[in-house]
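Undergrad: the following block contains a protein sequence and its predicted model.
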Amino acid sequence: MKQKLFYTATAIFFILSAILHYSGASATVQITICSAAVILLAAFLGRATENVAHYAGERMGGFLNATFGNAAELIIAIFLVKEGLFDMVKASITGSIIGNMLFVLGLSVFMGGLKFKIQKFNELLAGHNASLMLLAVIVLFIPAVFARDFEPRQVDALSLIVAGILIIAYILWLVFSMITHKNELSEIVPTNTVESHEQAHWSKGFSIVMLVVATVMVAFISEWLVGNLEEFTHRFGLSELFVGAFLIAIIGNAAEHSAAVFLAMKNKIGAAVEIAVGSSLQIALFVSPVLVFISFFFGDIMDIVFTTYELVAIGVAAFIAISISRDGKTNWYEGLLLIFVYIILGVAFFMA
């Protein structure tokens, strides 16, 4: 019954978003309804991904959940790039990275820790994730420092080169973690895992079809949402930095929020970390460089030079996330610390 209500609500909000878009309703009303539709569709996308993951295995499931969980945000970002709103795109990238590392991971660790005193996951995987986080921070800092003395053409060239290297690094990480060192990085299975033998709600074929359908629906909603963002931002006096880093990031990451938290509460903290941290790494090492190349094909290159505020936020998020997760153990208080840092950054971004 609950599932039918959820599917009905998702369809209603999608249809309502389309009606408001084509009838020319106010930007505020459209953004409100479209945001609700994106959140519902992200949850629907997450459910479809979880069903596919049931047939693909837990580590692959975490990767798929992170990938399709980022689909909404990637599609939104592509439309922002098309509109030339590069500052908002980079802010949304920042928001997604810190949102996953601080809010999603923090909430997962906190909720899981309330139910299980200590939760453990693969320490070797945590160490590799920490190294990749540091790589992301370093790579984002380098263009920001050197770009000050570069001409615009040099900045564009540097951005394309860095983007290409990041994509190669991410693809090789997938080869390393999913193929050559798959067994070493496999999940630690807790003895007290809740509902460890859950059945998939959908068949394999139907799950894949629903995954495609949800992604297409998100693409339409994203275009309608982006078309009203500029007017909405000016009307309420919000900065592009805050809108991109927090509003878009929270809406786009809805799938990861729900999936990671539910997994942590079932004592599958490894899969929750794979979603939260893996999603941040995917945004930093794959999505952001892909957007640089997409902007190139649109005819106006989006450089990979981030503002000082954005770099500080990413650096702080990576530092505390590494400190908390590197030992392969978590508890509820560590999750609370991550959430506190996220709230502080949110207030700072709002006031900036």
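TA: Thanks, I have it. What you see is a predicted model, and the numbers here were worked out from it, not measured in a lab. Numbers count the residues shown, from 1 in each chain.
Undergrad: can we go C-alpha only for contacts and neighbour counts from here?
TA: OK.
Undergrad: need the pLDDT of I118.
TA: According to the prediction, I118 has pLDDT 90.
Undergrad: please apply the same query to the one 4 residues further on.
TA: Reading off the confidence values, N122 has pLDDT 77.
Undergrad: how about H197?
TA: 49.
Undergrad: please apply the same query to the one 5 residues further on.
TA: W202 carries a pLDDT score of 77 in this model.
Undergrad: for I304, which three-state class applies?
TA: Secondary structure, DSSP: H, G, I helix; E, B strand; the rest coil: I304 is coil.
Undergrad: that one: neighbour count?
TA: 26 (other C-alpha atoms under 10 Å).
Undergrad: again with V347
TA: Residues near V347, counting by other C-alpha under 10 Å: 11.
Undergrad: please pull up the helix or strand immediately following the one helix or strand in the chain whose mean pLDDT sits lowest.
TA: Within the chain, no helix or strand scores below helix 58-69, which has a mean of 66 by mean pLDDT, DSSP states H and E. Sequence-wise, the next helix or strand downstream of helix 58-69 (DSSP states H and E) is helix 71-82.
Undergrad: tell me what that following helix is packed against?
TA: helix 86-98, helix 204-236, helix 249-252, helix 288-298 (3 or more C-alpha pairs under 8 Å, 6 or more residues apart in numbering; DSSP states H and E).
Undergrad: let's see that with 10 Å instead.
TA: With contacts taken as 3 or more C-alpha pairs under 10 Å, 6 or more residues apart in numbering; DSSP states H and E, helix 71-82 sits against helix 27-56, helix 58-69, helix 86-98, helix 204-236, helix 249-252, helix 254-265, helix 288-298.
Undergrad: and the first one, how far out from the chain's middle?
TA: Spelled out, it's helix 27-56. 13 Å (C-alpha atoms, centre = their mean, to the nearest Å).
Undergrad: tilt between that helix and helix 204-236?
TA: 150 degrees (axes from the mean of the first three to the mean of the last three C-alpha atoms, to 10 degrees).
Undergrad: let me have the helices and strands packed on helix 71-82 in JSON lines, extended by distance to L125.
TA: JSON lines is the format used below for these (distance: least, C-alpha to C-alpha, whole Å):
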{"stretch": "helix 27-56", "distance to L125": "19"}
{"stretch": "helix 58-69", "distance to L125": "11"}
{"stretch": "helix 86-98", "distance to L125": "19"}
{"stretch": "helix 204-236", "distance to L125": "28"}
{"stretch": "helix 249-252", "distance to L125": "26"}
{"stretch": "helix 254-265", "distance to L125": "17"}
{"stretch": "helix 288-298", "distance to L125": "23"}
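Undergrad: so which of the ones you listed comes closest to V139?
TA: For V139, the closest of the helices and strands packed on helix 71-82 is helix 288-298, at 11.1 Å, according to C-alpha to C-alpha.
Undergrad: now for the closest one, which elements pack on it?
TA: helix 71-82, helix 86-98, helix 152-175.
Undergrad: highest mean neighbour count out of the ones you listed?
TA: helix 86-98 (a mean of 27; mean count of other C-alpha atoms under 10 Å).
Undergrad: on that earlier part again, closest one to V347 among the helices and strands packed on helix 71-82?
TA: Nearest of these to V347, taken as C-alpha to C-alpha: helix 86-98 at 13.0 Å.
Undergrad: please identify the buried residues of the helix or strand following that closest one?
TA: Per DSSP H and E, the first helix or strand lying C-terminal to helix 86-98 is helix 105-115. Buried residues in helix 105-115, defined by neighbour count with 16 or more other C-alpha atoms under 10 Å: L105, G106, L107, S108, V109, F110, M111, G112, G113.
Undergrad: which among those residues gets closest to L291?
TA: L105 (24.7 Å).
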